[in-house]
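Asks: Predicted coordinates and the sequence they were generated for:
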Amino acid sequence: MADTSFDVVVIGGGPGGYVAAIRAAQLGMKTAVVEREHLGGICLNWGCIPTKALLRCSEINHLLHHLDQFGFSAKGITFDITKVVERSRKVAAQLSSGVGYLMKKNKITVFDGTALLAGKGKVKVTGKTDADLTAKHIIIASGARARSLPGLEPDGKLVWTYKEAMIPKEMPKSLLVIGSGAIGIEFASFYRNLGAEVTVVEVLDRILPVEDEEISSFARKSFEKQGMKIYTSATVKKLAKGANDVTATVESQGKSFEVKADRVVLAVGIVGNVENLGLEGTKVKVEKTHIVVDQWLATGEPGVYAIGDVVGPPWLAHKAMHEGVICVEHIAGLKTAHPLNVQNVPGCTYCMPQVASVGLTEKAAKAAGREVRVGHFPYIGNGKAIALGEPEGMVKTVFDAKTGELLGAHMIGAEVTELIQGYAIARTLESTEQELIQTIFPHPTLSEMMHEAVLEAYKRALHI
Amino acid sequence: MPIQVLMPALSPTMTEGSLAKWHKKEGDTIKAGDILAEIETDKATMEFEAVDEGTLGRILVPEGTKGVLVNQPIAVILGEGEKISDIKAPAAPPARSATTESPAARPMTPAPAPSAPKPAPAAVIAGAAAARPIFAPAPASAPRPAPPSRGPAFARRVFVSPLARRLAEKSNIDLSCLAGSGPHGRIVKADVEAAMVRGPAASAEPTYPKAKIVAEAGNIPFTEVPHTNMRRVIAKRMTESMSHVPHFFLTVDCEIDALLKARADLADTKSLKLSVNDFVIRAAALALKQYPAANASYSDEAILRWSQVDIAVAAALEDGLITPIVKNADRKSVAAISAEMKDLGLRARAGKLKLAEFQGGTFSLSNLGMFGIREFTAVINPPQACILAGGVGEKRAVVKHDQIAIATVMSCTLACDHRVLDGAMGSQWLQIFKKLIEEPAALLV
């Protein structure tokens, strides 16, 4: 019988949970993780990682159809969607077992089952394993799931959530994506690049609504050029299911029209997994499906903490991991523990072209009363981008005109998800425009555009 | 490329200064070593020499400008064949910025060592402690600090994020007053913002607004004497010393008839004109050598006992005071000390002391005997632990062998930093000092 008394018990083995557990183990705490399905959580099994594997395939497909640009020719290019999905699953499985290895390596006990708070310092595990655990500290990292709206409930066959959308048995000829956040847009991009007719319906007035307005409009133009149909300020009123297709009634600016598609992907938001945790009767407070925590991720109940998607947006794995570390370091009394600054959490969308950002949008900065200096630089002005055959994209910087603080950076184009960390570091180090201007960016790289976008904000851009 | 001349840092603590006078005007030819301008620092007025050659293209900071920040461009020197039109609009240099955008603004002209300060007519009289920055004298065994020409390198490094530094500059927050909450105590934006909320009262020393002072005085008529940099530094340093250094004072009467006789003999036999103060310097130095606990400084980690005896002697100037230093005074004869003091005094009055000649010191001496002051207490000059205040040597009635006798007596008061010395320790030092003064043979070997 396994030991059942721990310093820290983490509920949920997703990126937030397993990272919190590793950090706790590093700090000498006796740690356990309770996971009801797969180690690695949604991110690793049904989110970030498998979708990246899929998007890689769609990028390759795109490239193969544009080989002539590079002086190649190829005929009869086809793909097998089952193999594409198989690869994605393999990638997920490989990484999930990698997390299992990390748990062993750090001597973290993993309980396969569902966890329930069972009184002060107690966690009841049921399922594959039944156990009554005691814990000095309990960290809830139960994650979140797709939101469904009345009349727009997924059925797993014709109306999908992200989960079905990443394991299609056959390639739909047409797809309706409801919601244009990161998840919706990634699926729209994936299916479009594999040849499906894709329609996106967004209730707000622009796609990727959390991004800077200029990025939203740049992305929209790109997607439309690729043949995507996009309706903004539009709502899906009704889904009428046929034998192997769905007819959606869409309403936009007083007009009503129908969109017919083989499949529908619902990406209309996220709700926290706050049910069946035994929160009832505790002082843990839940607001709008999310657990309320303080800056150290402590809930209202002493000894109970919550991190990651279940505590609210941004619903991002790296934010969850960071919160896990902060929470555990604070429990350990580490002086270096530092609360999360949400403005420093970068966001990435792996559509084509990619979108990445950190900090405030221009509009949000102005709304916050900041006087701003804005810089832009287009991919077309960058040597490496041209050489790569990726001339589409731009980098935008937003500075506080008075202090030179980098308030935000917004990028769209090839590999921007790999570039944004440069601006994230600048923000963490509290750089002003001077440090960024004085930094030497290697030539020729896409990163030079990050330099130029800073220079441009100060009317000093060199290559435009 | 036209060369920007930057405001030099003429002392370790100098962050800004006044541009007292331009010696060159626009269009003048400049050779390396030419005196460009006079800069008034917190200590003295110093001449600023050119390092580069060319023509003085433009003066960016007119003379009489106060509060010019170190590294701020003050002029532009044109090289051969360059014209004024080559200068890229640095006409309005940033008010508070050590870096500028133009590549020409790189400090390619390291600030030259201060050479000859402005003549400052003043009688050498003694004063309280001197207007010098907190600057621990280096022990003899350790290498001396870098030459003063590289002012900024002296300054204690403040770890601060670039953004926090800029916010502090913009809101006049003194970074040295802030505790950093960032990694390794780095001052970050949040710390400066918190200080801004607290307001200047919390982050700085108490203030004395003129209106309030005038009102408190009952609105009587007055004339204003503008602060010189030296006055500001005296105000700051003496306030700091009296606020933070726990002073106590010990007074001892020294009979100096034997000393006066020795002095007269030396005048007769060797035509040496020695002052009583020269003997006092020598006696203090030897006493420090014998009792090194008084030749020390307090630090957070430990008491630092200096292996070198450098005596700072307060000298009054017309608009302040300065403390020329007799270095290694324990290894110098009274005659040598006397000669050195004459030279230092002359050059102090002329305002021509070099930085190293009045900065540092391990012990201070102040004398107001020439004003007939019988005894007084002086303010310790941190980081030193002691200052000796000498009074007038005068004939007094003393009791000797139950008889009233006449003796020439000088009262000396030692101010001690109680963190470094306790009462018994200061007293022991004074005993040694008194013995040396009263039996001056030891001073003459």
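Replies: Yep, that arrived. Residues are numbered from 1 along each chain as shown, chains lettered A, B, ... in the order given.

Asks: what about the helices in the stretch 351-464 of chain A?
Replies: A:362-367, A:383-388, A:416-428, A:433-438, A:448-457 (DSSP state H, counting those that start in this stretch).

Asks: Among those, which comes closest to chain B?
Replies: helix A:433-438 (5.3 Å; CB to the nearest CB). C-beta coordinates here come from the backbone N, C-alpha and C atoms, glycine included.

Asks: How far off centre is that closest one?
Replies: 29 Å (CA atoms, centre = their mean, to the nearest Å).

Asks: what is the mean pLDDT for that helix?
Replies: If you average the pLDDT over helix A:433-438, you get 95.

Asks: I'd like to know if that helix reaches chain B anywhere along the stretch.
Replies: Yes. Judged by CB under 8 Å from any CB of the partner chain, helix A:433-438 comes into contact with chain B at A:434-435, A:437.

Asks: and that helix, what does it pack onto?
Replies: When contacts are defined as 3 or more CB pairs under 8 Å, 6 or more residues apart in numbering or on different chains; DSSP states H and E, helix A:433-438 sits against helix A:448-457.

Asks: What ranges does the chain have for its helices?
Replies: You didn't pick a chain, so chain A it is. In chain A, the helices defined using DSSP state H lie at A:15-26, A:41-46, A:48-64, A:81-105, A:162-165, A:182-193, A:213-225, A:317-331, A:362-367, A:383-388, A:416-428, A:433-438, A:448-457.

Asks: oops, chain B please
Replies: B:151-154, B:162-170, B:189-198, B:200-203, B:210-216, B:229-244, B:257-270, B:276-290, B:334-349, B:355-358, B:423-438.

Asks: still on that earlier bit, which PyMOL command selects the buried ones in the residues of helix A:433-438 next to chain B?
Replies: In PyMOL, this line selects whichever of the residues of helix A:433-438 next to chain B come out buried by 16 or more other CB atoms under 10 Å in any protein chain shown:
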select buried, chain A and resi 434+435+437
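
Asks: picking up where we left off before, mind putting the helices of the stretch 351-464 of chain A in JSON lines, distance to residue B:246 included?
Replies: Output for the helices of the stretch 351-464 of chain A, formatted as JSON lines (distance: least, CB to CB, whole Å):
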{"stretch": "helix A:362-367", "distance to residue B:246": "51"}
{"stretch": "helix A:383-388", "distance to residue B:246": "66"}
{"stretch": "helix A:416-428", "distance to residue B:246": "43"}
{"stretch": "helix A:433-438", "distance to residue B:246": "43"}
{"stretch": "helix A:448-457", "distance to residue B:246": "52"}
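
Asks: is chain B contacted by stretch A:283-302?
Replies: No. If you take CB under 8 Å from any CB as the test, stretch A:283-302 misses chain B, and the best it gets is 12.2 Å.

Asks: quick revisit: deepest-packed of the helices of the stretch 351-464 of chain A, please.
Replies: A comparison of the helices of the stretch 351-464 of chain A by mean neighbour count, using mean count of other CB atoms under 10 Å in any protein chain shown, puts helix A:448-457 on top with a mean of 25.

Asks: For that helix, name the packing helices and strands.
Replies: Counting by 3+ CB pairs under 8 Å, 6+ apart, helix A:448-457 packs on strand A:372-378, helix A:383-388, strand A:393-400, strand A:406-413, helix A:416-428, helix A:433-438.

Asks: Could you dump those into a markdown table and include distance to residue A:268?
Replies: Listed next are those as a markdown table, based on distance: least, CB to CB, whole Å:
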| stretch | distance to residue A:268 |
| --- | --- |
| strand A:372-378 | 31 |
| helix A:383-388 | 34 |
| strand A:393-400 | 28 |
| strand A:406-413 | 23 |
| helix A:416-428 | 24 |
| helix A:433-438 | 38 |
